[in-house]
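Fold the stuff below for me.
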Amino acid sequence: MRSNQMIHFLLFFSILGAVLDVSLGDDPSEPYWLLRIKAQLNDPSGVLNNWSPEAHICGWYGVTCSDDRSKVVGLNLTNSGLSGPISPEYGFLTSLEMLDLSSNSLTGSIPPELSKLQSLKLLLLYSNSLSGEIPVELGLLKKLQVLRIGDNLLSGKIPPDIGNLSELRVLGLAYCQFNGSIPLEIGNLKNLISLDLQKSHLSGQIPQEISSCEALENFAASNNMLEGDITSWVGSLRKLQVLNLANNSLTGPIPTEIGGLSNLRYLNLLGNKLTGEIPRELIGLVQLEMLDLSENNLSGSISLSSTQLKNLEVLFLSDNMLTGGLPNNFCSSSSSLKQLILARNELSGRFPMEIINCSSLQQLDLSDNNFEGSLPSALDRLQKLTDLLLNNNSFAGMTGSIPRELTDCLSLTEIDFFGNHFSGSIPATIGKLKNLVMLHLRQNEFSGPVPPSLGYCTKLQLLALADNKLTGTIPPTFQFLSELSTITLYNNSLEGPLPESFSRLKSLRKINFSHNRFEGTIIALCGLNLLTALDLTNNSFSGPVPSTLGMSTNLTRIRLAYNHLTGSIPSQLGQLTELRFLDLSFNNLDGNLGNCSELLKLSLHSNNLSGVIPPEIGNLIALNVLDLQRNNLSGTIPSTIQQCKKLFELRLSENFLTGPIPSELGRLTELQVILDLSKNSFSGEIPSALGNMVKLERLNLSSNQLQGEVPPSLGKLTSLHMLNLSNNHLQGRLPPTFSGFPLSSFLGNKQLCGPPLALCSSQAMEKSLSKGEVAGIVAAIVFTSALICLAMLYIMLRIWCNWRRVLISSSEGNGAELKREEMWIHGNEKRRNNGNYWKMNSWLAPSHEKHPSSTCIFEPKMDAESPDRTSI
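Residues are numbered from 1 along each chain as shown. A predicted model of the protein is given here:
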């Protein structure tokens with residue numbers, strides 16, 4: 001029994017070994033680790049479904065085995081829809097020479113265990129969502145030839161250890177979030193052919209050591225923050241075919257050494273701060289196909305020539321300060337130039353005839369320069385020309401018209417002559433340009449009718465004829481412009497009704513016919529599902545606003561002001577949930593205001609609207625401008641208006657609004673341009689809460705029935721430069737800060753005072769004081785009066801005392817007078833002659849001698865000349 005069990009046991013393991021040998025190959029550990037890796041991945045597409053013991057590992061999806069099928073040497077899972085981490089267990093697949101996990105949704109960090117793959121030659125992890133820093137251990141992969149880990153969320157500095165990868169040929173670290181500079185150790189990579197560091201947040205200077213990478217053919221470091229000069233190091237890279245340093249902050253001149261890179265095919269220095277002239281040495285780049293030096297500070301003349309750069313197909317020199325014209329030998333019939341972009345420079349002169357020889361030219365952009373004169377009739381030699389952009393120059397010439405020969409350039413798809421001085425009529429043969437997609441002739445001096453043949457340019461998507469002197473009607477052939485998306489005809493003298501066929505142009509998105517003389521109804525422009533903007537301002541359209549306009553559910557702007565529209569505003573406009581600007585002002589519309597949509601601007605100025613302002617106005621929480629002035633609106637301002645917190649302009653003047661001004665207006669703290677409530681019938685006091693609108697620049701409350709005092713809080717409106725409170729019933733003192741406004745701002749308020757009006761009376765001043773201030777003033781007056789009374793009483797008491805003393809002295813001296821006189825005469829004569837005697841005249845006993853009277857109560861006097869005279 002036991003021997004039978006042993007036989008079965010041995011048989012089971014023999015069969016299992018055979019199965020494992022067939023399915024797993026010679027190294028049973030590799031399937032084990034791959035299955036563990038699979039367990040950590042999310043595989044929504046099921047690409048790893050055949051990773052199972054039932055199938056041989058060399059048949060598993062993405063697996064490449066050695067020639068003898070004994071080892072896994074490659075794993076390619078690119079673009080397989082996988083997510084999850086990169087497992088550290090990849091490090092156990094020690095025979096791997098190629099690992100490609102690119103273009104998936106892998107997350108987490110790059111495991112340092114990948115450094116165990118010492119046979120690895122290709123490591124491709126680009127286009128995932130990997131994060132963290134590059135592990136320094138990758139510098140141990142001595143056999144690595146290709147390392148592409150860009151287009152991830154990697155951060156930190158590029159480790160100098162990458163310089164140890166002596167066999168590396170391709171290094172791709174683009175589109176990451178690194179910081180720091182390009183490591184000097186890059187110069188150790190003698191076999192490097194391609195270095196891609198684009199858009200990786202790198203800063204600092206480009207290291208000179210990169211000149212040691214003499215095998216380098218592709219160097220791209222665009223869209224970083226690199227700075228400093230491009231120095232002579234670039235001349236050492238003799239094998240360089242692609243040099244892309246665009247959109248950095250590189251300064252200084254373009255090094256002349258670049259002219260020695262005879263293999264260079266692509267040179268892009270766009271968007272830096274390079275200065276100086278374009279080096280003549282660049283004509284030595286005989287293999288060059290694309291040259292972009294635009295958006296720098298280059299000056300001087302253009303010295304390049306496509307006769308010498310025979311392979312040059314693209315030349316971008318726009319957005320510099322280049323002057324002059326083009327060299328005489330700029331082009332030949334054998335040149336390959338397809339794109340010539342010279343826009344936004346300071347080039348001048350007539351149209352460069354040298355361009356006519358560029359028979360292969362497809363795109364020509366001379367816009368925003370100082371070119372003048374007429375266009376040559378020889379333009380028809382540019383039969384491959386697709387884009388002709390001449391906007392913002394001074395082209396005009398003797399005749400000023402567009403040469404008819406231009407319409408023979410049948411490949412043209414875009415014509416932009418905006419902002420020149422072309423005149424005359426639009427060529428009648430314009431309809432020959434069957435491929436035309438854009439025709440931009442705005443802001444010229446074209447006159448005459450719109451040519452009917454224009455309707456045969458059936459691929460036309462943008463037609464801009466605005467700001468000219470065109471007359472006549474819109475041709476009926478416009479019904480064939482089925483792809484037309486934008487049409488602008490404003491500021492002309494076009495007239496007549498709109499063709500009914502406009503309703504068939506279902507691709508229309510933007511229509512601007514404003515400031516013309518069109519008439520009739522606007523029904524032809526309604527029901528266009530893709531329409532986003534409609535501007536018919538300042539014409540003579542009449543009839544109602546069609547309810548079918550509400551079918552254009554993508555409308556964001558409607559401007560129908562200054563017409564003769566009548567009837568009610570259709571309620572269907574409330575269905576336009578994308579509508580942001582609605583201007584129906586200066587028409588003859590009537591009815592109620594009704595509910596509104598999510599608007600930024602609502603202008604119904606100068607119509608015949610009646611009824612109340614609906615409380616639903618508060619639902620317009622994004623509203624910036626509300627203009628309802630000069631209508632027949634009545635009732636009060638709804639308090640819900642406080643919900644329109646983004647309002648910066650509110651005009652409700654010239655209506656029949658009543659009641660108090662709601663204090664809730666004070667919550668509109670973003671109100672800036674104006675608050676105009678004039679010429680209504682508002683009553684009550686001005687709410688002090690209006691002082692919260694500190695950004696307000698203009699306030700008009702004139703011609704109402706407002707009462708009470710001007711609240712001091714309005715004095716806080718320091719941004720106010722226009723104020724009108726005239727023609728109300730206001731009273732009291734004006735805030736001192738209003739003294740700078742003109743007198744007219746306050747006229748018609750008889751009881752208002754204070755600068756600039758007349759000074760307030762004492763009564764008005766008292767009224768303007770608080771009870772505490774009045775009590776304080778009264779107490780001060782009483783205290784001062786008491787002090788004055790006490791002082792007067794003291795003075796009178798002193799006078800009375802002095803007077804009593806004199807009176808007593810006089811009465812005591814009458815009985816002894818004779819005796820004293822006798823003594824003086826006979827007994828003391830010597831003293832009389834030598835002495836000085838006081839004479840006292842009393843106002844009670846005047847002297848019998850004649851002498852001037854004194855007003856003083858006491859008057860002392862010295863008498864030495866008349867010793868015989870005495871006082872009584």
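
residues touching the residue lying closest to Gly324 once chain neighbours are set aside, list them.
Spatial nearest neighbour of Gly324, excluding adjacent residues (C-beta to C-beta, 6 or more residues apart in numbering): Ser301 at 4.0 Å. Every residue, glycine included, has its C-beta placed from N, CA and C. Taking C-beta atoms under 8 Å, 6 or more residues apart in numbering, we find Ser301 in contact with 277, 322-325, 327.

One more: Leu465?
426, 439, 441-442, 446, 450, 488-489, 492.

most surrounded residue in these?
Val450 (25 neighbours; other C-beta atoms under 10 Å).

List just the nearest of the contacts of Ser301 to Pro546.
Pro546 lies nearest to Leu322 out of the contacts of Ser301, by C-beta to C-beta, at 53.2 Å.

burial of the nearest residue to the closest one once chain neighbours are set aside, as a residue count?
Distances taken as C-beta to C-beta, 6+ apart place Asn345 nearest to Leu322, at 4.3 Å, with adjacent residues excluded. Here the number of neighbours of Asn345 (other C-beta under 10 Å) works out to 23.

does Gly235 really touch Leu243, like I thought?
No: look at Gly235 against Leu243 with C-beta atoms under 8 Å: they stay out of range, at 11.5 Å.

Those two: who's more crowded?
Shown here are Gly235 and Leu243; by other C-beta under 10 Å, Leu243 has more neighbours (24 against 16).

check contacts around that one.
Counting by C-beta under 8 Å, 6+ apart, Leu243 makes contact with 219-220, 234, 237, 258, 261, 264, 266-268.

If you rank those by neighbours, which is first?
Busiest of the contacts of Leu243 [other C-beta under 10 Å] is Leu264, holding 27 neighbours.

In contact with Trp33, which residues are there?
Trp33 neighbours (C-beta under 8 Å, 6+ apart): 89-90, 92-93.

I meant Leu600, not that one.
580-581, 622-625.

Identify the residues contacting the closest residue to it other than its chain neighbours.
The shortest distance from Leu600 to any non-neighbouring residue, by C-beta to C-beta, 6+ apart, is to Arg580 (4.3 Å). For Arg580, the contact set (C-beta under 8 Å, 6+ apart) comprises 556-557, 598-601, 622.

again, but for Leu730
Here Leu730 is in contact with 686, 706-710, 746, 749, 751-752 (criterion: C-beta under 8 Å, 6+ apart).

Identify all residues paired with it through a beta bridge.
Gly708 (DSSP bridges).

pLDDT value on it, please?
The model reports Leu730 with a pLDDT of 95.

gap between it and Gly740?
18 Å (C-beta to C-beta, to the nearest Å).

ditto for Pro279
62 Å.

Same check on Val673?
When Val673 is compared with Gly740 (using C-beta to C-beta), they lie 20 Å apart.

So the residue nearest to Leu322 sits against Ser367, correct?
No: Asn345 is beyond contact range of Ser367, at 9.9 Å (criterion: C-beta under 8 Å).

who does Leu226 bridge with?
Beta bridges link Leu226 to Gly204, judged by DSSP bridges.

Quick one: residues contacting it.
By C-beta under 8 Å, 6+ apart, the contact list for Leu226 reads 182, 202-206, 245, 248-250.

which of the contacts of Leu730 count as buried?
Buried by 16 or more other C-beta atoms under 10 Å: 686, 706, 709-710, 746, 749, 752, out of these.

Narrow those to those in strands?
Among the buried ones among the contacts of Leu730, DSSP state E puts 706, 709, 752 in strands.

Run through the residues that contact the first one.
Looking back up the chat, that one is Leu706. 661, 682-686, 725, 728-730.

Now render those residues as a markdown table, adding distance to Tyr794.
A markdown table is the format used below for the contacts of Leu706 (distance: C-beta to C-beta, whole Å):
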| residue | distance to Tyr794 |
| --- | --- |
| Ile661 | 61 |
| Phe682 | 62 |
| Ser683 | 60 |
| Gly684 | 58 |
| Glu685 | 53 |
| Ile686 | 55 |
| Leu725 | 55 |
| Asn728 | 56 |
| His729 | 54 |
| Leu730 | 51 |
